[in-house]
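>>> Structure of the sequence below:
(3 chains)
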Amino acid sequence: MNPFSYTRPVDEAEALRALAEPGAVALAGGTTLVDLMRLEVMRPSRVVDLGGLPLDKIDVSSGSITIGALASNTAVADHPEIKARFPVLAEAIDAGASGQIRNMASIGGNLMMRTRCSYFRDTASPCNKRTPGSGCSAQDGYARMHAVVGGSKDCIAAHPSDMCVALLALDAIVHVKSARGERALPIGELHTLPGNQPNIETTLQAGELITGIELRDAPFAKRSRYVKARDRASFAFALASAAVALDIAGGTIRDARVALGGVGTKPWREHAVEAALHDKPASKATFAAAAKVALADADPRADNAFKIELARRVIARALVLAGGVS
Amino acid sequence: MKPSVGTPIDRVDAKQKVTGTATYAADTPVTRVAHAVIATSAIGKGTIRALDIDAARAAPGVLAVITHANAPKIAAGKHGGAPNERVLQLLQEAQVHYADQPIAVVVAETLERAQHAAALIVPRYAARPVMVALEQGLNEAYKPNGMVHGEPDTTRGNFDTAVADAPHKLDATYTTPNENHNPMEPHATIAVWQGSDRLTLYDATQGIFGVRQRIAEVFGIPKDHVRVIDQFVGGGFGCKGTPWSHVGLCALAAKVVNRPVKLAITRQQMFSLVGHRPHTMQHVVLAADAHGKLVATKHAVISETSSFDEFVEPSALQTRMLYACPNLVTSHRLVRVDAPTPTFMRAPGESSGTFAIESAMDELAYIVGIDPIELRLRNYAEVDEQDQKPFSSKSLRQCYAQAAAKFGWAKRNPKPRSMRDGHELVGYGMAGATYPANQWPAGARATYRPDGTYLVQAGTQDLGTGTYTIMTQVAADALGVPVDKVTFELGDTAFPEAPVSGGSTTASTVGPAVKDACTMLKAKLAAMTPADRAAGQPVTAEARSEVSPDRQKYALHSFGADFVEVRVDEDLGSIRVARVVAAFAAGKILNPKTANNQLVGGIVFGIGMALEENTVRDRRTGRVVTRDLADYHVPVHADVPAIDVIQIAEDDPHVNSLGTKGIGEIGVTGVTAAIANAVYHATGKRVRELPITLDKLLA
Amino acid sequence: MQNVSGPCRVMAFARGWSPERAAPGELARIRAHLRGLAAELVFESEHGTWLCRPDDELVAIAPLGRARFRVADDEDAVFVVDPAGAVRFAHCQHAPIRDTLAAALEQATDVMLAQAPLHFTRRAWLTTCVVSGFALAVLSACKQKVDPSDPPPLEAARPPLPQELDIVLDVNGTKHPLRVEPRVSLLDALRERLQLTGTKKGCDAGQCGACTVHVAGKRVLSCLTLAVSVQGKPITTIEGLARGEQLHPLQLAFIEHDGMQCGFCTSGQIMSGAAILSEGRATDDAAIREQMSGNICRCGAYPNILAAIKAARS
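Numbers count the residues shown, from 1 in each chain, chains lettered A, B, ... in the order given. As a prediction, this is how the structure comes out:
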């Protein structure tokens, strides 16, 4: 780990000034940053510890819940209102990492989580995300854990977060602050595709700070589930996962949200599956047929081609569970 | 007085372990110790053309940057030839033989300073193409000169004739991947030189005397000038049974900086610096008559070794004696790959080999149309047909019967895909387990102390195996005193010499030595006059036990049987082990509580082998891709169901004076095949390639 | 003493000293210093004479004799003898030396490290440093009264290195002032700076759970926690779980149910298990297994760990 200057701002204004300095990165729970700094994958010269900021509140109101960026993953997953009104979020968080990591990891940090691609994490392997222009070792390498959609010839690293998949399905809004003011953006606009600049992963600008996320009640939110397929029963990243949310009235699907994890270079919204569910009867047959249209444009490697069929089955399973049909 | 051996007393070191006061190698307090970090090669083969160490050397707190260009000359290549000695990489050459080979050692005042300085080293390489896939090197497969536990090739009868006419045949290839041991404690060494030729090492090892020997050789000093201490080992499973390069590098660093040095390797470095189980391809042919009696068996193994040293994974060993079969041929061949030298990994040979042979037997049972237990009973070996010796004891029938009954095997509908529960396919599978019962010579010392307590010492190891506890029990019984009067110490080459704790031999090797020393002490005390005793001096007896001579006449093995229920998600393909019932007959069990934990632990290790573990090397660079515990999966709590182990009492007067056979490794054998067999029963898919991951069941 | 290779030897005539009268942890600290110095120590008092080598039990040896070293009965003294047997340093004083002995050894180690060894043979250099260290320590001890109940300073005062910060870590109820670089993990601060080695480093990457401690009552991974970020928060390690000799119910349950084999993951398992018990998360077998899946046990003691947690729950 490189030597760095460490500051711990006492308020947002100080934090924003510190984050605007060149070479500054934010430290929240440390589960991504400390890990990657120890590997010398990230080498910021300034670390701004946000731990002193009062950004950990979970504000419940009728119509929405706002979660501060420094709320821990555990606090969010344990919250009774979140479990009742946005169950897929609690399920997704609980399916991720370990209890200790969920205690440490913040919501903001989870939004900014970086890939687990082992070539990215190995400084002796070429990686365009880590060192632009050096090449992508995964394209023709061991790609079992890599993305089948959203990739480019420069990067196919999968986005590893479970929470982000659920937030995407819930149309969550990300609140951002900077010295220039505040803005809000749908989570679908936060993460970027690698394209030819895989080192850029979000639309955040320098000096911007995520202050929280906002969840708005919607008819589909309460009937939502998360299903994750992985190589061992716990403490493993997704091979493929699905967050689904259904608005069913009178046996008919009025609205649906389907988002995938483990398969995309960012959390992946499946509009085609949603369209295939819209106005259909809520039945196993509907769910099976809809799931089949997922990932139609997938671009797999030999090692990860199985993810396409797996993801479709995960979607179908999640829909069956959310739909309450046997 | 009621004997302690055979009773489930609490582990005597449990309190230290639960309070965090057990001292592992890297915990040893050494004031102002300097920290060393190994920098490793980016390439998998070639030479180091240049190493720019200027920035590293200039970094704050750095005491030395040692490379092949400036390292003192020491003997890395040669070794005495003992099975657990390897050719080491001690910065003596510019050549790179495998990815993440040591290329420099940085020593600094603090760990952080050493770590970052190591990242500042800029190497330039002349890289050569690597070959790391066994499948690509099959044309160059060769027969090794020897193998640790027997000949590479054996033959009895005439396989080719017998196989030709047999009505039932199975011809299949089974593969096991490269695997890494990954004990929880990364290897670590602290080196303290006293003067120029005396050295104390606090080293995480399964073999303190082996480390002493190898380091003395490397530095050209008398071995009694080297003291190795390791009171607690955080697991080994074989990777701590060999003195690896980091030990010599730590001692070298301490010499260069004239200060005690601590070197703990990283988890990532555990994938290249301390050995692994090699990838195997195992060709099995079973031919049986109409009743399922084996008439011909072939088990041909191909595995990997490094380009510069030789290790054979002896996967066909057990097949030579496991079943009755008059015509049997086995062979072992090696392919050299550009990877580190493999080593013994928990049940080397038997774990990878029983996956093959016990899967094959299951397949044959389906071909013949009989129950898999029945097939094994029809082929039960009453004697070791290869060595032509009777078994010293064998309770395999009881293992089959008791485990089957407890498991509820009779409920099994043999038809594949015939049992389900909701969206889970249910499968029942079974397999046999076996491991040899070995014994070596060892020494022990027993001392009666003036305060009325006893101190018993042996230069052996406890890597979670329970040595502290069982030796305390053996000693107490031999002395005729309660266990709380006895303290057993190990892990110090100042104690009488004992071999490496490997091969499930410690109880059978050190136990007799402890028993002998204590028996001698007891006699010595009994012969003392009251006046002698009143003098209040300690009384000591030391013994060296030899291998039981009776052993030559017998084949000495433990046996067992594993029964597994798996659940396979019919849509997602995910597999979970729902329950395990296993029975083992391993001679005398010294402590049923610690033994149960050990046997269960072996089964857990086998679950990992069957379903999760796979060390993948990138074919272009030779670099390990699955290089940490997030990418290399070992079982977690949620993977492990109820595991019911039946310890079958077995009285064996030939195996050694305690009647023990060793239990550290048998738990890993058989269970991988039982799981594969259960997956077949659940799904109708036969998977012959480990690990069995969900993508293999999806199609 | 014709032993030409080997350690240099420190001899202390310390009135009132004996192994039974050593303060808790005093001998362990002295052993750590002796390892750092590659030296051995001889104590002599009216109670006896002992040879202390870092890795051996104290050995009672024949008295050296105060008279031979011209040490009066109302004096304490320290001598440093080189491997060839020559006395290189001698100091006598009326004030008791035993309370400062460990500090003197530590000071000698510091002095040793401050020297450039280039022009000495290793033996001569080492002896010279040990000598200087003792001289500094005993002289400073003579000037000040040392209260034996003061916890000994774990760290000698030294000027700060670049980027170091002065922090206070509150560990197991004791406040420890430390000077650390921001990049030092809580795990390394505990193990390397505070000698609390009960917390283990299994992977240094948040993937195994062996480094689990409690910070502000929550279980966290100390390897991914920067020490500077938890100053002022109450930290509990495995060493702080018991109340003196009274073990935590989970520790007792681990002993009874044999919840360990090699023991390396045990600290983390217990810290994790204690947390899920107090948080009410250990509801059934499946929940316990899931909640504990961040603590890897390669020895496979999982079933016994589960049994221990269930036993402690009731």
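>>> Let me see the contact set for residue A:233.
By CB atoms under 8 Å, 6 or more residues apart in numbering or on different chains, the contact set of residue A:233 is B:576, B:636, B:638-639, C:289-290, C:293. In this view, the C-beta of every residue, glycine as well, is placed from N, C-alpha and C.
>>> how about residue 181, phi and psi?
I went with chain A, as the question did not name one. Torsion angles at residue A:181 (phi, psi; degrees, to the nearest 10) stand at phi 140, psi -160.
>>> Chain C, not that one
According to degrees, to the nearest 10, residue C:181 has phi -70, psi 150.
>>> Any stretches of the chain with poor pLDDT?
All of this refers to chain A. A:326 (pLDDT under 70).
>>> To clarify, I was referring to chain C.
In chain C (pLDDT under 70), the answer is C:1-6, C:98-101, C:111-162.
>>> centroid residue for it?
residue C:195 (4.3 Å; CA atoms, centre = their mean).
>>> Same question for chain B.
Centre-nearest of chain B using CA atoms, centre = their mean is residue B:346, 2.7 Å out.
>>> And the pLDDT for residue B:149?
The model reports residue B:149 with a pLDDT of 83.
>>> Next one: it from chain A, what distance?
According to CB to the nearest CB, to the nearest Å, residue B:149 stands 33 Å off from chain A.
>>> Verify the contact between residue C:179 and residue C:163 for me.
No. Taking CB atoms under 8 Å as the definition, residue C:179 is not a contact partner of residue C:163, at 10.7 Å.
>>> Excluding chain neighbours, what is closest to whichever residue of chain B sits closest to chain C?
Residue of chain B nearest chain C, by CB to the nearest CB: residue B:20 (2.0 Å). Residue nearest to residue B:20 in three dimensions, not counting chain neighbours: residue C:198, with 2.0 Å by CB to CB, 6 or more residues apart in numbering or on different chains.
>>> List the residues that contact the one you found.
Neighbours of residue C:198 in contact, by CB under 8 Å, 6+ apart: B:19-21, C:237-239, C:267.
>>> and it, how far is that from chain A?
As judged by CB to the nearest CB, residue C:198 and chain A stand 17 Å apart.
>>> try residue B:392
Residue B:392 is 40 Å from chain A, by CB to the nearest CB.
>>> show me the contacts for the nearest residue in space to the residue nearest to the centre of chain B that is not next to it in sequence.
Spatial nearest neighbour of residue B:346, chain neighbours left out: residue B:237 (4.4 Å); criterion: CB to CB, 6+ apart. Residues near residue B:237 by CB under 8 Å, 6+ apart: B:181, B:183, B:345-346, B:605, C:298.
>>> now with 7 Å?
Residues in contact with residue B:237 (CB atoms under 7 Å, 6 or more residues apart in numbering or on different chains) are B:181, B:183, B:345-346.
>>> and if you look at residue B:142?
Applying CB under 7 Å, 6+ apart, we find residue B:142 in contact with B:333-334.
>>> Across the sheet, point out what pairs with it.
Counting by DSSP bridges, residue B:142 is bridged to residue B:334.
>>> SS state for residue 70?
Using chain A here. Recorded secondary structure, residue A:70: coil (DSSP: H, G, I helix; E, B strand; the rest coil).
>>> that's the wrong chain, I wanted chain B
coil.
>>> Quick check: the gap between the residue of the stretch 1-150 of chain A found nearest chain B and residue C:54.
Here the residue of the stretch 1-150 of chain A nearest chain B is residue A:124; by CB to the nearest CB that distance is 3.7 Å. The gap separating residue A:124 from residue C:54 is 39 Å, by CB to CB, to the nearest Å.
>>> Residue B:550 now?
Distance of residue B:550 to residue C:54, given as CB to CB: 44 Å.
>>> more neighbours, those two?
More crowded of residue B:550 and residue C:54, by other CB atoms under 10 Å in any protein chain shown: residue C:54, with 23 against 15.
>>> That one and residue C:41, how far apart?
Residue C:54 is 9 Å from residue C:41, by CB to CB.
>>> Can you pull the residues that touch both of those two?
Shared contacts of residue C:54 and residue C:41, counting by CB under 7 Å, 6+ apart, come down to residue C:34.
>>> coming back round to it: adding neighbour count and secondary structure, write the contacts of residue C:198 out as JSON lines.
Putting these into JSON lines (neighbours: other CB atoms under 10 Å in any protein chain shown; DSSP: H, G, I helix; E, B strand; the rest coil) gives the following:
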{"residue": "B:19", "neighbour count": "20", "secondary structure": "helix"}
{"residue": "B:20", "neighbour count": "25", "secondary structure": "coil"}
{"residue": "B:21", "neighbour count": "14", "secondary structure": "coil"}
{"residue": "C:237", "neighbour count": "25", "secondary structure": "coil"}
{"residue": "C:238", "neighbour count": "29", "secondary structure": "helix"}
{"residue": "C:239", "neighbour count": "20", "secondary structure": "helix"}
{"residue": "C:267", "neighbour count": "29", "secondary structure": "helix"}
